[in-house]
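In: I'd like to go over a predicted model; first the sequence, then the structure.
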Amino acid sequence: MIYLDNNATTPLDAEVREAMLPFLDGHFANPSSGYGLARPVRRAVARAREQVAELLDCEVEEIVFTSGGTESDNAAILSARRLFPERDHFVTCAAEHDAVTRCLRELEERDGCRVTRLGTRRDGTIDLGELQSALVPGRTSLVCLMQANNETGVVQPVAEAAAMAESCGALFHTDAVQAAGKVPIRLRGGHVHTLALSGHKFHAPKGVGVLYVNRRIAFAPMLTGGGQEGGRRAGTENVAGIVAIGMAAACGRRHLEQVAAGHDPVAVLRDEFEREVGARLAGVTVNGAGAERTPNTSSLRVAGVEAAAMMVLLDQRGVCVSAGSACHTGTHAISPVLAAMGLGAPEARETLRVSLSRLTTAAEIREAVDAFVWAAGRVREVMGQGPR
Ligand code: PLP
């Protein structure tokens, strides 16, 4: 099996698994308890907080552990709404994840808020001029702009957008779920107020995430109760998950140090995949090719070849990828991300997402290229376009 759907979820890293296992076993105490049994558990949570803060280049007290990316995105948005009830305007982008989009839609439909959705250019990035024009001083509560897109890997100009939001008095939230461990994130001295991470997107298990809360801002918690996480997220800590996301952050940081030294093995394999497929098949286009992208993601389409048929054939060859044209709740609506980039329904239906991880090997990519070329040839044969 060749797993190339790492933007959906990633396999657990062996080092992460090893780090978390004792906390499913002997180290079971509640970290808030007063006896000695709880001490190593408390220390492990503190260490994980340091590891995540090191990955994000921020202070340890700015890290709040959550249940995942969805909770972190919702908590950031709902905090802004509660903190500034008089500000009823939100700005976001048409290509955001549902965890942001649907939460904002709720505010619009149930709370009477106004939401401005910025479009994207053909390469998937927003126009900062458009953002500047959308901001309303004294009225805009929050700007939500993801760091990297889950379907295309396109990276947004988050630092510049955050500075714009702050200078207009608005808060700024970024969903960095698809960026963690792939591109550097440096929060110190910047203008990002809240940021979301999800453990299972960078080799920790599902059900654990992080919300960064800049210490300069106030925060209104979504969950209240036992006062854990400095009163910002109540509930007994998911200790094993927290230890795991801490170790995943440390592994991600180590990987990024290697990238900074000039070698990104993931980008090398992704680029090889795109180059080989482009050389061996006619009519291949990479969506967002002109923009900065996360090194692991390839959103690509083969002219005249339906992605759904490709997925079935690739699955037969043991290759897991996903279609770029999401099929939400049974309706075959085209992906808003691709639509925002100006792709029509036929192009969206041809789009496949291939997403690697730092565990992907060169041999797997070679085999995946062969399978991809074979599958596209089969679809073209059946469609009467002939093989190439
Ligand atoms: N944000 C982005 C960009 C994502 O890709 C995902 C997961 O698909 C989420 C948020 C939600 O994260 P989680 O699955 O941890 O709730």
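Out: Thanks, I have it.
In: Please compute how far the lowest-mean-pLDDT helix or strand in the chain lies from its chain's middle.
Out: Ranked by mean pLDDT, DSSP states H and E, the helix or strand of the chain with the weakest confidence is strand 322-323, at a mean of 93. How far strand 322-323 lies from its chain's middle: 16 Å, per CA atoms, centre = their mean, to the nearest Å.
In: next one: stretch 67-79
Out: 13 Å.
In: Does it reach the ligand?
Out: Yes. Applying CB under 6 Å from any ligand atom, one finds stretch 67-79 touching the ligand at Gly68, Gly69, Thr70, Asp73. The C-beta positions use only the backbone N, C-alpha and C, and glycine is treated the same way.
In: Pull out the buried members of those residues.
Out: Gly68, Gly69, Thr70, Asp73 (16 or more other CB atoms under 10 Å).
In: thinking again about what came up before, list the ones among the residues of stretch 67-79 next to the ligand that fall in helices.
Out: Gly69, Thr70, Asp73 (DSSP state H).
In: Closest to Leu131 out of these?
Out: Asp73 (18.8 Å; CB to CB).
In: Touching, the closest one and Val100? I think so.
Out: Yes. Using CB atoms under 8 Å, Asp73 is in contact with Val100, at 5.0 Å.
In: residues shared between the contacts of these two?
Out: Common contacts of Asp73 and Val100, defined by CB atoms under 8 Å, 6 or more residues apart in numbering, comprise Cys144, His173, Asp175.
In: Please list which of those also come close to the ligand.
Out: Asp175.
In: ok and the residue in the stretch 151-300 of the chain nearest the ligand?
Out: Ser198 (3.2 Å; CB to the nearest ligand atom).
In: now the closest residue to that residue other than its chain neighbours: how far from Val302?
Out: Closest residue to Ser198 apart from its sequence neighbours, by CB to CB, 6 or more residues apart in numbering: Gly69 at 3.3 Å. For Gly69, the distance to Val302 equals 30 Å [CB to CB, to the nearest Å].
In: Could you do Phe172 as well?
Out: 38 Å.
In: So which of those two has more stuff around it?
Out: Phe172 (28 against 25; other CB atoms under 10 Å).
In: I figured that one hits Glu166, correct?
Out: Yes. Counting by CB under 8 Å, Glu166 is a contact partner of Phe172 at 6.3 Å.
In: Residues that sit against both of those two, list them.
Out: His191, His193.
In: Thought Pro31 was touching Glu237, still the case?
Out: Yes. If you go by CB under 8 Å, Glu237 and Pro31 touch, sitting 5.6 Å apart.
In: shared neighbours, these two?
Out: Joint contacts of Glu237 and Pro31 (CB under 8 Å, 6+ apart) are Val45.
In: host element of Leu55?
Out: helix 39-56 (DSSP states H and E).
In: And the contacts of that helix?
Out: Counting by CB under 8 Å, 6+ apart, 23, 27-32, 59-60, 62-63, 65, 180-181, 185-187, 195, 197, 210, 212, 237, 239, 242-243, 245-247, 249-250, 252-253 sit against helix 39-56.
In: picking that back up, so does the least confident helix or strand of the chain get close to the ligand?
Out: No. Residues of strand 322-323 are not located near the ligand by CB under 6 Å from any ligand atom, the shortest gap being 10.7 Å.
In: what's in contact with that strand?
Out: Asp5, Asn7, Ala8, Ala307, Ala308, Met311, Thr351, Leu352, Arg353, Ser355.
In: need the next SSE after it, C-terminal direction.
Out: Following strand 322-323 in sequence, per DSSP H and E, is helix 336-340.
In: same for that next one, what does it pack against?
Out: helix 345-349 (3 or more CB pairs under 8 Å, 6 or more residues apart in numbering; DSSP states H and E).
In: how does it look with 6 Å?
Out: Packing contacts for helix 336-340, counted by 3 or more CB pairs under 6 Å, 6 or more residues apart in numbering; DSSP states H and E, involve no helix or strand.
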